[in-house]
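below are the sequence and a predicted model; questions follow.
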Amino acid sequence: MNVDSVNEDVLIRLKWGNTEYKGRLVSVDSYMNIQLASTLEFIDGKETGALGQVLIRCNNVLWISAANAAGKGEDVRMEG
């Protein structure tokens, strides 16, 4: 993830269960701890509620995707 993604909508899948969060990326640090705003929670593909501001600890993240690319089956180019 790069700083160009800040203020963009992202989709984050957690390692535990079938939990995903969709929200606007506010910040990410060098450890990949993630802060989201206007966050929605999805469990098993069903929206369970609006959470607002959330902080996701890095070791819980399975993957991160641009929200507009999710579900399209497209590869995402990794740049470093």
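Happy to help now that I have it. Numbers count the residues shown, from 1 in each chain.

so where's the protein shaky on pLDDT?
The chain contains residues with pLDDT under 70 at 1-4, 70-80.

excluding residues flanking it in the chain, which one is nearest the residue nearest in space to the middle of the chain?
For the chain, Ile12 is the residue whose C-alpha lies nearest the centre (C-alpha atoms, centre = their mean; 2.7 Å). Once flanking residues are discounted, Ile12 sits nearest to Tyr21: 4.8 Å by C-beta to C-beta, 6 or more residues apart in numbering. C-beta coordinates here come from the backbone N, C-alpha and C atoms, glycine included.

quick check, the one you found in contact with Ile43.
No - assessed by C-beta atoms under 8 Å, Tyr21 is found out of contact with Ile43, at 10.3 Å.

which one's more surrounded, these two?
Each of Tyr21 and Ile43 has its neighbours counted (other C-beta atoms under 10 Å); Tyr21 has more, 20 against 13.

Leu62 contacts Lys15, doesn't it?
Yes - if you go by C-beta under 8 Å, Leu62 and Lys15 touch, sitting 4.7 Å apart.

check contacts around the residue lying closest to Val61 once chain neighbours are set aside.
Of all residues not flanking Val61 in the chain, Ile12 sits nearest, at 6.0 Å (C-beta to C-beta, 6+ apart). Counting by C-beta atoms under 8 Å, 6 or more residues apart in numbering, Ile12 touches 20-22, 34, 36, 56, 61, 63-65.

rerun that using 7 Å as the cut-off
Going by C-beta atoms under 7 Å, 6 or more residues apart in numbering, Ile12 touches 20-21, 34, 56, 61, 64.

now, the most widely separated pair of the residues you listed?
Farthest-apart pair in the contacts of Ile12 is Glu20 and Ile34; separation 12.8 Å (C-beta to C-beta).

which of these two has more neighbours?
Between Glu20 and Ile34, counted using other C-beta under 10 Å, the more crowded position is Ile34 (23 against 20).

distance of the more buried one from Asn60?
Distance, Ile34 to Asn60, using C-beta to C-beta, to the nearest Å: 9 Å.

same check, this time on Gln53
Distance check for Gln53 against Asn60: by C-beta to C-beta, it reads 16 Å.

what's the burial count for the residue nearest to Asp9 when sequence neighbours are not counted?
Using C-beta to C-beta, 6+ apart and skipping residues adjacent in sequence, the residue nearest Asp9 is Ala67, 3.7 Å away. For Ala67, the neighbour count with other C-beta under 10 Å is 15.
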